[in-house]
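Novice: A structural model of the following input is requested.
(3 chains)
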Amino acid sequence: MLEIIGYVFPNDIHINWSLMIVLYPYITGLVAGAFVVSSLYHVFDIEALKPVSRFALMASLAFLLVATWPLLLHLGHPLRGINVMITPNPTSAMAGFGYFYSGYMVILLFEVWLVFRKDIITYARRSRGLKQTIYKVLALGVYDTSEKAQAIDAKMVKFLAAIGIPGAFLLHGYVGFLFGALKSNPWWSTPLMPIIFIFSAVVSGIAALIVMYQVAMKLKGLVIDRACIDMMCGWLWMFLMITASLELLELVTLSYEKAEEWEIISQLLSGPLAFSFLGIQMIVGVLIPFILLMIIVLMKENMGDKVANTLSFTAASLLLIQVFAMRWNVVIGGQMISKSLAGLREAYHPEMFGKEGIMTAIGIMIVPFIFIFVAEWLLPMFRYSEEQTEKLKYNSPTTPE
Amino acid sequence: MIKIEHTKHLWRAILILVIVAVGYLLGRLFLVPESFGKYGYFRGDNLQEQMDIRVPKHGNGKESCGFCHQEKVETIAQTPHTVINCETCHAALRMHVEFDSLEKFLADPGSYEKTADMPIHSAQELCIKCHDYQLAKPKDFTTIVVVEHLEEMGMELGPNVCLECHDPHDPEM
Amino acid sequence: MKNISRRGFLRAAMGASVLGALSSVFSAVLPGKMKLALASTKVQPEPVRTGYNPYEHYYSYVINLHKCIGCGSCVRACKMENEVPTGFYRTWVERYQKGEEEHARIDSPDGGLYGFPATTAGVEGVSKAYFVPKMCNHCDETPCVQVCPFGASYKTPDGLILVDEKRCMGCSYCVQACPYASRFINPLTHTANKCTWCYHRTSKGLKPACVQACPTGTRMFGDMKDRYDPVRHLIEDERIGVLQPQLLTKPKCYYLGLDKEVR
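Specialist: Residues are numbered from 1 along each chain as shown, chains lettered A, B, ... in the order given. A predicted model of the protein is given here:
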């Protein structure tokens, strides 16, 4: 654990920001990315994304609900964390967390409620027992589903989906600023950091939706909408190109300027971080998905549905790993460099059990899926896909899907 | 004009939001620490707490030791070792005389009694830490290559070997 | 008619709640701001204890690198005085050995706690070597106080940077922000810790434990507001350097005889 190369300051041998702090921006990235997909439909009227729009909103909410958990598990005194909302320091990026998180939560909850309000009222009238109580509470005692009310709801949804985009970008981008504005750590210090975080967040969000949408459709026996997959792959490819360009740009600028920090950063990248940076983040994580997505997008007309689904699923899964590797390389990689800029910590091995361990991380990542299952039970999100599947069955009764 | 037709549900939602917001603001009123902002953007009471965070372990240099050990201080004053604080080679004052306030002790050292023997380090490591030759040490500081010095003297590096010839309170030969 | 009175009622209700929210904002936000404004004006709050007014002092620290012998007495004294946990350092000493290679070989065995073994192993043709004691620089433009989420770390009126252990939540942001690696998270209290220039001693007119322990006069502690303080004159008259000056943190630990190799 304490393998050291070169000279590391005596207090610098401990890694303070652990696996939990790698997980936190990953989760908020999924939140922001899923929201962007939903907003592409609600604000920019990209009809092809209709099958996933409701699911994307719920997924964003599901991950938002667990976003604070890694932070609370990491803090030495988690209950004192509330002080960020009581006496926030205006010069500290971390102080923004309380406001960005609650602000975005308000927008998202409001939008989810408005999108599902008609369903809530319909189910409130139809159901009985516990479910009916839940629906009645969610309806806030108003059962107005008239055309006018729905029109007003639609306008509000559009507005919320629009302002939610900067809200989500703030929620995730402030973490990038938190790292990027630290002049003490040259691996982190760059104005590009918040932008890199945001763009790779959108990549992770779209990739997560491609994966989850296909899994959900398979589990429910519904048709996977090809146009939807194509649209998501197109956006994913574009955002991947931008993200990869930004990540490489930072590296190229550092190596070109050859300022004081390049000595230790080049040692880091060719040494302890070589596998996770070049191997996973760049080659497995960028190059291969780039090629797969290029094939899907450019050969869209000549490709069958099954092939497209498989390739997009593979590319998206690799990208989910890539974004996690990027967070790891930024957070852990930055701490491997000693402030002396003359030494490296060799490797960080998170513990298996323990409050900042691997099992805890897996546990946190499972909870949003439990929420999604509960959400599906309460407010089905795939009714459009169900209608599509029904139509297909009637149109071609002999062609199994 | 605020249309209120078909917007009842929106107002209900906004009402909940306003209640939460007002609740937060009122809660905050009670939760900001009393002394916050008194001297700057921090809890002002902590300034006093930090001054009282612990009773100092070390005394006030030779002044504190000199009250009881005047002769020792005067003897050492004639030697190069006078620049060293007694506690640097011996232990912190509170290991020898317990007190619960350094100010009270300094005001009237006579009223305090020894609570434990002051440790006396005779080990050669203590001398070596300062006086063993190293290129990094300043040229105007007295050093000697200890291993060679002992060879010349025909002695072995062992416990308390320096004290066989040198007296730390009168080190010059 | 029903609509108008409903409209009117709703308008009034909205207005009332907005007013209520605004007044809560004012009552919650302003008192803190007013206190802050008070602190920065000429009107100073009463001193914290009789006999010591933090506004009458502004401390600085000078380290004369021509004199350090690397004995480690300062590290031992600090550890004893402040109950510093093992493996962490509020102050430490580094040794630089410059030979034929481009960079000096730097080492700090246990922070210098047990002194330095007399060896030049691993350095070809050592021509220059020296010791550099280090600690928190109590910067004037601290990156650490800047990033503390809610003011648990702060600057005192007498120039020290301290951590309120009752409020600190151990987020480690300050530890990451310090370019000098002066801070650490105390494994017992789970809060940020660092050199405090022995505030519990200096507020009583004593010297920090490290300054008192130093046998060669390498370490010096002074008050910039004291006209007769020799340390203040040292800073004003001699050629001094600070660590990592390009970061403009404005450290208050000044070094005499600082070499370009020092990190």
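
Novice: so where do the strands sit in the chain?
Specialist: If you meant another chain, say so; for now it's chain A. Per DSSP state E, chain A has strands spanning A:4-7, A:342-345. These are given in chain order.

Novice: I was after chain C.
Specialist: In order along the chain, chain C carries the following strands (DSSP E): C:59-64, C:91-98, C:105-107, C:128-135, C:153-155, C:161-163, C:184-185, C:192-193, C:219-223, C:240-241, C:253-256.

Novice: Switch those over to CSV; also include distance to chain B and mean pLDDT.
Specialist: Every residue, glycine included, has its C-beta placed from N, CA and C. Below are the strands of chain C laid out as CSV (distance: least, Cβ to the nearest Cβ, whole Å; pLDDT from 0 to 100):
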stretch, distance to chain B, mean pLDDT
strand C:59-64, 10, 97
strand C:91-98, 5, 95
strand C:105-107, 10, 92
strand C:128-135, 4, 96
strand C:153-155, 4, 96
strand C:161-163, 5, 97
strand C:184-185, 17, 96
strand C:192-193, 11, 96
strand C:219-223, 11, 96
strand C:240-241, 18, 96
strand C:253-256, 12, 97
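
Novice: now the helices for the chain?
Specialist: Chain wasn't specified; assuming chain A. Counting by DSSP state H, the segments of chain A that form helices are A:19-42, A:50-66, A:68-74, A:96-126, A:129-139, A:147-180, A:193-220, A:226-257, A:260-270, A:274, A:288-298, A:305-336, A:358-378, A:383-395.

Novice: actually it's chain C I care about, not the one you picked
Specialist: Using DSSP H, helices in chain C cover C:2-40, C:73-82, C:143-147, C:173-177, C:199-202, C:209-213, C:230-237.

Novice: Compare the ones you listed and say which comes out lowest on pLDDT.
Specialist: Between these, the lowest average pLDDT goes to helix C:2-40, which shows a mean of 56.

Novice: what's the most buried one of the strands of chain A?
Specialist: Highest mean neighbour count of these: strand A:342-345, a mean of 22 (counted as mean count of other Cβ atoms under 10 Å in any protein chain shown).

Novice: that older thread, for residue C:206, find the nearest of the strands of chain C.
Specialist: With Cβ to Cβ, the closest approach to residue C:206 among those belongs to strand C:219-223: 9.5 Å.

Novice: Could you tell me which residues make contact with the closest residue to residue A:10 other than its chain neighbours?
Specialist: Of all residues not flanking residue A:10 in the chain, residue C:111 sits nearest, at 4.3 Å (Cβ to Cβ, 6 or more residues apart in numbering or on different chains). The neighbours of residue C:111, taking Cβ atoms under 8 Å, 6 or more residues apart in numbering or on different chains as the test, are A:10, C:75, C:89, C:91-93.

Novice: Let me see the backbone angles for residue A:90.
Specialist: The phi and psi values for residue A:90, taken as degrees, to the nearest 10, are phi -60, psi -20.

Novice: Read off the pLDDT value for it.
Specialist: For residue A:90, pLDDT reads 93.

Novice: just residue C:99 next, same as before
Specialist: If you check residue C:99, the pLDDT there is 89.

Novice: Could you give the number of residues near it?
Specialist: For residue C:99, the number of neighbouring residues by other Cβ atoms under 10 Å in any protein chain shown comes to 17.

Novice: So which bits of stretch A:181-195 are buried?
Specialist: Neighbour-count burial for stretch A:181-195, with 16 or more other Cβ atoms under 10 Å in any protein chain shown as criterion, is recorded at A:181-182, A:184-188, A:190, A:193-195.

Novice: So residue B:103 is in contact with residue C:204, correct?
Specialist: Yes: in this structure, residue B:103 is within contact of residue C:204 by Cβ atoms under 8 Å, at 6.0 Å.

Novice: who has more neighbours, those two?
Specialist: residue C:204 (18 against 13).

Novice: Pretty sure the more buried one sits against residue B:107.
Specialist: No: at 11.4 Å, residue C:204 does not count as touching residue B:107 under the criterion of Cβ under 8 Å.

Novice: what does chain A put close to chain B?
Specialist: Proximity of chain A to chain B is confined to A:82, A:85-87, A:89, A:106, A:110, A:113, A:117, A:139-142, A:144, A:146, A:148-149, A:152, A:156 under the rule Cβ under 8 Å from any Cβ of the partner chain.

Novice: Please spell out the PyMOL selection for the buried subset of the residues you listed.
Specialist: Typed into PyMOL, the line below selects the buried ones among the residues of chain A next to chain B, using 16+ other Cβ under 10 Å:
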select buried, chain A and resi 85+86+87+89+106+110+113+117+139+140+142+144+149+152+156
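
Novice: if I look at the residue nearest to residue C:220 when sequence neighbours are not counted, how far off is residue C:221?
Specialist: The shortest distance from residue C:220 to any residue that is not its chain neighbour, by Cβ to Cβ, 6+ apart, is 4.4 Å, and that residue is residue C:62. Using Cβ to Cβ, to the nearest Å, one obtains 8 Å as the distance from residue C:62 to residue C:221.

Novice: residues in contact with the residue of the stretch 1-150 of chain A found nearest chain C?
Specialist: Shortest the stretch 1-150 of chain A-to-chain C distance, computed as Cβ to the nearest Cβ: residue-wise this is residue A:76, at 2.2 Å. For residue A:76, the contacting residues are C:168-171, C:185, C:189-191, taking Cβ under 8 Å, 6+ apart as the criterion.

Novice: Near chain A, list only the ones from those.
Specialist: Checked against chain A using Cβ under 8 Å from any Cβ, those give the following subset in range: C:168-171, C:185, C:189-191.

Novice: wait, doesn't residue B:87 sit right on residue B:59?
Specialist: Yes: shown here, residue B:87 and residue B:59 form a contact pair, counting by Cβ under 8 Å, at 6.8 Å.

Novice: shared neighbours of the two, anything?
Specialist: With Cβ under 8 Å, 6+ apart, residue B:87 and residue B:59 have common neighbours B:65, B:93.

Novice: what do residue C:204 and residue B:107 both touch?
Specialist: In terms of Cβ under 8 Å, 6+ apart, residue C:204 and residue B:107 are not both contacted by any residue.

Novice: and the spatially most central residue of chain C, how far is that from residue A:79?
Specialist: For chain C, residue C:138 is the residue whose C-alpha lies nearest the centre (Cα atoms, centre = their mean; 3.3 Å). Computed as Cβ to Cβ, the residue C:138 to residue A:79 distance reads 30 Å.

Novice: now swap in residue A:142 and tell me
Specialist: For residue A:142, the distance to residue A:79 equals 37 Å [Cβ to Cβ].

Novice: Kindly report the same for residue B:138.
Specialist: Per Cβ to Cβ, residue B:138 is found 51 Å from residue A:79.

Novice: List, one by one, the residues from the stretch 151-263 of chain C near chain A.
Specialist: Those residues of the stretch 151-263 of chain C that sit near chain A, judged by Cβ under 8 Å from any Cβ, are C:151-152, C:167-173, C:175-185, C:189-191, C:247, C:263.

Novice: Write a PyMOL command that selects only the buried members of the residues you listed.
Specialist: Typed into PyMOL, the next command selects the buried ones out of those (criterion: 16+ other Cβ under 10 Å):
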select buried, chain C and resi 151+152+167+168+169+170+171+172+173+175+176+177+178+179+180+181+182+183+184+185+191+247+263
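
Novice: for residue C:135, what are its contacts?
Specialist: Remark: with contacts taken as Cβ under 8 Å, 6+ apart, residue C:135 is in contact with C:61, C:78, C:90-92, C:182, C:195, C:210, C:253.
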